[in-house]
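[1] What would the 3D arrangement of this be:
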Amino acid sequence: MLTNKGKYGIKAMVHLAELGAGETAQIAEIARRNNISKKFLDAILLDLRNAGMLRSKKGPGGGYALAKPAQTIKVGAVIRALEGSIAPIDCASQSAFTPCEDCADIEACVVRSVMQEVRDAMAAVVDTTTIADLVGRAAAHKPEIDFAI
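    From the prediction side, this is the model:
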């Protein structure tokens, strides 16, 4: 399950992807525009910076920006950087496998089997969807402004 950490991380990445070339955004602005606690967002952005997805600039005009083009950043990479495995249970994870204590035969476990299918289906979506794709989806839902008077 995607927690608020993952959801807010994706929202922040989309916000940053919408910036113009060379622009940065301050944490307070990202938090305000996306209804996220600034303190929580601080930790999220630090994790994404440590994962190499963001760059930060200190001082006047400083803030955060994407470290690479939005079309190269997969939603799955953002989720994994913030949440760890995308598998719904640990025994279905490829990257963080941990067997269940109550399972006598992990290979025959029907719960694990179906959760592996869930993991694979989720990965098929989030590992082919980029932050740029989400920017496009957001733009499709923004009302057009008519400047005619």
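[2] Which elements pack onto the longest helix along the chain?
    If you go by DSSP state H, the chain has its longest helix at helix 110-126. The helices and strands touching helix 110-126, judged by 3 or more C-beta pairs under 8 Å, 6 or more residues apart in numbering; DSSP states H and E, are helix 75-83. All C-beta spots, glycine's among them, are computed from the backbone N, C-alpha and C.
[3] how many degrees apart are the helix it packs on and helix 110-126 in direction?
    Helix 75-83 and helix 110-126 are oriented at 120 degrees to each other (axes from the mean of the first three to the mean of the last three C-alpha atoms, to 10 degrees).
[4] Tell me which residues are up against helix 75-83.
    2-3, 5-6, 9-10, 13, 44, 47-48, 51, 53, 86, 95, 123, 125-127, 129-131, 133-134 (C-beta atoms under 8 Å, 6 or more residues apart in numbering).
[5] next one: stretch 21-36
    Contact partners of stretch 21-36, identified using C-beta under 8 Å, 6+ apart, comprise 8, 11-12, 15-16, 19, 37-38, 41-42, 45, 56-57, 61-65.
[6] Pull out the buried positions in that stretch.
    When neighbours are counted by 16 or more other C-beta atoms under 10 Å, the buried residues of stretch 21-36 are found to be 24-25, 27, 30-31, 36.
[7] Same list, those, but as TSV with distance to residue 107, pLDDT and secondary structure please.
    Supplementary listing: the buried residues of stretch 21-36 in TSV, determined by distance: C-beta to C-beta, whole Å; pLDDT from 0 to 100; DSSP: H, G, I helix; E, B strand; the rest coil:
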residue	distance to residue 107	pLDDT	secondary structure
24	50	95	coil
25	48	95	strand
27	47	94	helix
30	45	97	helix
31	46	97	helix
36	42	96	coil
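[8] Let me know the closest of the residues you listed to residue 109.
    The shortest distance between residue 109 and any of the buried residues of stretch 21-36, using C-beta to C-beta, involves residue 36 and amounts to 37.6 Å.
[9] Can you tell me which of the contacts of helix 75-83 are classed as buried?
    Buried positions within the contacts of helix 75-83, assessed by neighbour count (16+ other C-beta under 10 Å), are 5-6, 9-10, 13, 44, 47-48, 53, 86, 123, 126, 130-131, 133-134.
[10] among the contacts of helix 75-83, which are in helices?
    Secondary structure assignment (DSSP H) places 5-6, 9-10, 13, 44, 47-48, 123, 125-126, 131, 133-134 from the contacts of helix 75-83 within helices.
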